[in-house]
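Colleague: got a predicted structure here, sequence first:
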Amino acid sequence: MLLLATVFWGLSFPLIKTLTLLHARMFPDAGTWFHSIYAIAPRFPLAIAILIAWRPAGFWRISRLEWKQGGVIALFATAGMLLQNDGLQFTAASTSAFLTQFYAILIPIWTAVHLRRNPGARVWWCCVLVLAGVAILGRFDPLVALRAGSQLHFGRGEWETLLSSLFFMGQILWLEKKEFAANRPEKITLVLFGVQGTLLWLLAFATAPEPGALLVPWMSVPWLGLTLLLTVFCTVGAFLLMNTFQPKITATEAGLLYCIEPIFASIMAAFLPAWFSVWTGVDYPNEEATWTLLVGGALITVANVIVQLKPLPKE
């Protein structure tokens, strides 16, 4: 089930990239933050409506712990999504998908620190592999970096994506906390969508170039179609699967499993952009599997696999 969730998340990368391109064409004078926020804000009211229609009886009966868990996860998820989606405007969808997985190596390190145990040389070597993979993905040139006054090739999109990974780590760790073991997945998902939707709509109002900008996209059939796909599969489907099944395994194992997400994202980014471009009229060419993507992504994935060859103590 978590593997299926990674398929849905992989689909979200070209979907959101297309939505931000649509927004840029509709509102050329708006800032990138509005494009990022409004690519994800509309899906949450729709997702809440789907959950209520799915189980209408007593949907308002939510316990204190379900409010607490869903609310905190929403804060982590909102910060992560904002940074990830803004970064997606400055880097390729496949690169963004790989860099997002940086949390998979941070989770076992966090767990070892929390348990006050040295994770060992194997984990530290894996960190080196991850950093090397990140450098290759960002096309970091050490010779250029050593020159006085030079700028790193690791740009805004890559840095924002890495920072988003820290918040996604917090989301994963908070989901497995034992005090929430009795919480119902559909209830915390409903709270999650409610809090996220409220925060993102407030930000959308604050960043919109004009109030009418919030209504214009709803008149676009391609925009509505992409938003519905994002809502049904990448929001309702993915979050329900994650909130239901991740607590059944450890956070470290979940982090490794989620590393499969960029593989699906890269596959979909190889053919979906051309389809979406024909449908929406934006200029979004298919992405190619460059050597930096293959080598950098492989190093990050191999590092996470090595971590699991000898599992760390139970969280």
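Modeller: Okay, I see it.
Colleague: where does pLDDT dip in the stretch 1-150 of the chain?
Modeller: 94, 135, 137-150 (pLDDT under 70).
Colleague: show me where it has its helices.
Modeller: Along the stretch 1-150 of the chain, counting by DSSP state H, counting those that start in this stretch, helices occupy 2-26, 32-40, 43-54, 64-87, 93-100, 103-114, 121-137, 142-146.
Colleague: which of these sits most buried?
Modeller: Mean neighbour count (mean count of other CB atoms under 10 Å) peaks for helix 93-100 among these, with a mean of 27. Every residue, glycine included, has its C-beta placed from N, CA and C.
Colleague: who's in contact with it?
Modeller: 10, 13-14, 17, 84, 87-88, 91, 133-134, 137, 157-158, 161-162, 164-165, 168, 261-262, 265-266, 269, 273, 287, 289, 293, 296-297, 300 (CB atoms under 8 Å, 6 or more residues apart in numbering).
Colleague: before we move on, what about stretch 2-16?
Modeller: Residues contacting stretch 2-16 (CB under 8 Å, 6+ apart): 39-40, 85, 88, 93-94, 96-97, 226, 229-230, 233-234, 237-238, 241-242, 245-246, 249, 254, 257-258, 260-269, 272-273, 276, 284.
Colleague: buried among these? Need that as a selection in ChimeraX.
Modeller: Restricted to buried positions by 16 or more other CB atoms under 10 Å, the ChimeraX selection for those reads:
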select :39,40,85,88,93,94,96,97,226,229,230,233,234,237,238,241,242,245,246,254,257,258,260,261,262,263,264,265,266,268,269,272,273,276,284
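Colleague: ok so, going back, looking at the helices of the stretch 1-150 of the chain, which is closest to Thr280?
Modeller: Nearest to Thr280 among the helices of the stretch 1-150 of the chain is helix 2-26 (5.7 Å), distances taken as CB to CB.
Colleague: how big is the angle separating that closest one from helix 64-87?
Modeller: Orientation check (axes from the mean of the first three to the mean of the last three CA atoms, to 10 degrees): helix 2-26 against helix 64-87 gives 50 degrees.
Colleague: pLDDT of the helix or strand where Val302 lies, averaged?
Modeller: Per DSSP states H and E: Val302 is located in helix 291-309. Averaged across helix 291-309, pLDDT comes to 79.
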